[in-house]
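K.L.:
turn this into a model:
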Amino acid sequence: MKADHHSEGIDLADRYKHLAKMPNIKLFCGSSHPDLGRRIAERLGIELSKTTLSKFSNQETSVEIGESVRGEDVYIIQTAAGEINDNLIELLIMINACKIASAYRVTAVLPSFPYARQDKKDKSRAPISAKLIANMLTVAGADHIITMDLHASQIQGFFDIPVDNLFAEPAIIKWIQDNIADWRTCVIVSPDAGGAKRVTSIADRLNVDFALIHKERKRANEVSSMVLVGDVKDRVAILVDDMADTCGTICHAIEKLVQAGAKKCYAISTHGIFSGQALERIKKSTFEAVVTTNTIPQSQKVRDSNNKIQVIDVSSMFAESIRRTHNGESVSYLFTHVPM
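P.N.:
Now for the predicted structure:
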């Protein structure tokens, strides 16, 4: 493993210093997550490019690109948070504005991909909205997509342009090792059958056991019954999922884990949406912590949850993926490692 680190030459400070002197790169940030945009720019050692984002009095989105992008390699950061539809339109307009201003390449950096849960036709007349979003991004002029932990990895197949789907797994594993004292005897738990692959991958890398909760839904966001498959008695249980929305599932799951004798419970998700009654449920729950990444803004939610929500910063992973993409290097290293 040491040889891998050496061969990659992970002296990121020097790499970013070199990037700052490189021409032909512009980094823009939409209005959905300015904090993440600033963190990525700082890690790359470059300034965010100038743009004016506003709304006309009739609520149409106004975008003004404040500097030349002719012949530049452009990266636009916009995540699925807040007013998702407005932010999506803003991203499409920014992509198109850069494209018709003769940008060499436009990459959309979508830490959380919008409409990712609408990825299949699961009932009559249901739309496949994630495919529509893919078409919209492509038609707007995007040449490349960078995202993280797609709800279904086959969404990459909706695009005819390259898609880099980064994994939060290395950052999650690092957080577990740094923050849970007895992680070597913990159990990684999937709250549903769909997350089994994710959970077994993390359990294998940590060399610990895993468990699975089988759930049946009556309707969307409403779980009718749960069955735990696995042993968590007198052990730390760590629930892992790709997104936490209303948190009904994980709060039902913790009840099941406590009943089964788990001594401590944590919940970790990549995308912390926390909509509806989520924060109230988290405050009342017996979780030691609910952990999420900052693919979606979390500062206000951390305060509203009485600091029960903890945040993993993944800006280094996006910064390094941008640097590697710009320099024509492989990004597969990021699937298993967190850049320092």
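K.L.:
what ranges does this structure have for its helices?
P.N.:
Counting by DSSP state H, the chain has helices at residues 2-8, 12-20, 34-44, 84-100, 129-140, 169-179, 196-206, 248-259, 278-284, 299-304, 315-326.
K.L.:
which one of the ones you listed lies nearest to D231?
P.N.:
helix 248-259 (11.0 Å; C-beta to C-beta). Every C-beta, even on glycine, is put in place using the N, C-alpha and C of the backbone.
K.L.:
gap between the closest one and the chain center?
P.N.:
Between the centre of helix 248-259 and the centre of its chain there are 24 Å (C-alpha atoms, centre = their mean, to the nearest Å).
K.L.:
and it, average pLDDT?
P.N.:
On average, the pLDDT along helix 248-259 is 89.
K.L.:
so what's G272 up against?
P.N.:
Going by C-beta atoms under 8 Å, 6 or more residues apart in numbering, G272 touches 243-244, 290, 292-293, 296, 298, 301, 309, 311.
K.L.:
what pairs with the nearest residue to Q298 once chain neighbours are set aside across the strands?
P.N.:
In this structure, Q298 finds its nearest non-sequential neighbour in V311, 4.9 Å apart by C-beta to C-beta, 6 or more residues apart in numbering. With DSSP bridges applied, the residues forming beta bridges to V311 are T292.
K.L.:
what sits against V311?
P.N.:
V311 sits next to 272, 291-294, 298, 302 when contact means C-beta under 8 Å, 6+ apart.
K.L.:
poorly predicted segments of the stretch 151-300 of the chain, please.
P.N.:
Low-confidence regions of the stretch 151-300 of the chain, defined here as pLDDT under 70, cover residues 216-224.
K.L.:
follow-up on the earlier one: so which of the helices of the chain is nearest K215?
P.N.:
Closest of the helices of the chain to K215 is helix 248-259, at 6.8 Å (criterion: C-beta to C-beta).
K.L.:
before we move on, back to that, now the helices of the chain as JSON lines including distance to S190 and mean neighbour count?
P.N.:
Rendered in JSON lines, the data for the helices of the chain read as follows (distance: least, C-beta to C-beta, whole Å; neighbours: other C-beta atoms under 10 Å):
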{"stretch": "helix 2-8", "distance to S190": "29", "mean neighbour count": "10"}
{"stretch": "helix 12-20", "distance to S190": "33", "mean neighbour count": "14"}
{"stretch": "helix 34-44", "distance to S190": "27", "mean neighbour count": "20"}
{"stretch": "helix 84-100", "distance to S190": "26", "mean neighbour count": "20"}
{"stretch": "helix 129-140", "distance to S190": "22", "mean neighbour count": "18"}
{"stretch": "helix 169-179", "distance to S190": "13", "mean neighbour count": "18"}
{"stretch": "helix 196-206", "distance to S190": "4", "mean neighbour count": "16"}
{"stretch": "helix 248-259", "distance to S190": "9", "mean neighbour count": "20"}
{"stretch": "helix 278-284", "distance to S190": "19", "mean neighbour count": "18"}
{"stretch": "helix 299-304", "distance to S190": "24", "mean neighbour count": "14"}
{"stretch": "helix 315-326", "distance to S190": "23", "mean neighbour count": "23"}
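K.L.:
would you convert those into JSON lines that also reports distance to L27?
P.N.:
Listed next are the helices of the chain as JSON lines, based on distance: least, C-beta to C-beta, whole Å:
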{"stretch": "helix 2-8", "distance to L27": "23"}
{"stretch": "helix 12-20", "distance to L27": "10"}
{"stretch": "helix 34-44", "distance to L27": "6"}
{"stretch": "helix 84-100", "distance to L27": "12"}
{"stretch": "helix 129-140", "distance to L27": "18"}
{"stretch": "helix 169-179", "distance to L27": "21"}
{"stretch": "helix 196-206", "distance to L27": "30"}
{"stretch": "helix 248-259", "distance to L27": "34"}
{"stretch": "helix 278-284", "distance to L27": "31"}
{"stretch": "helix 299-304", "distance to L27": "21"}
{"stretch": "helix 315-326", "distance to L27": "7"}
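K.L.:
and N306, what's its pLDDT?
P.N.:
Predicted confidence (pLDDT) for N306: 86.
K.L.:
correction: the previous question concerned I95.
P.N.:
I95 is assigned a pLDDT of 98 by the prediction.
K.L.:
OK, contacts around it?
P.N.:
By C-beta under 8 Å, 6+ apart, I95 lies in contact with 76, 106, 108, 137, 140-142.
K.L.:
can you rerun that using 10 Å?
P.N.:
The contact partners of I95, taken as C-beta atoms under 10 Å, 6 or more residues apart in numbering, are 28, 63, 74, 76, 78, 103, 106-108, 136-143.
K.L.:
that one and A116, how far apart?
P.N.:
18 Å (C-beta to C-beta, to the nearest Å).
K.L.:
again with F274
P.N.:
16 Å.
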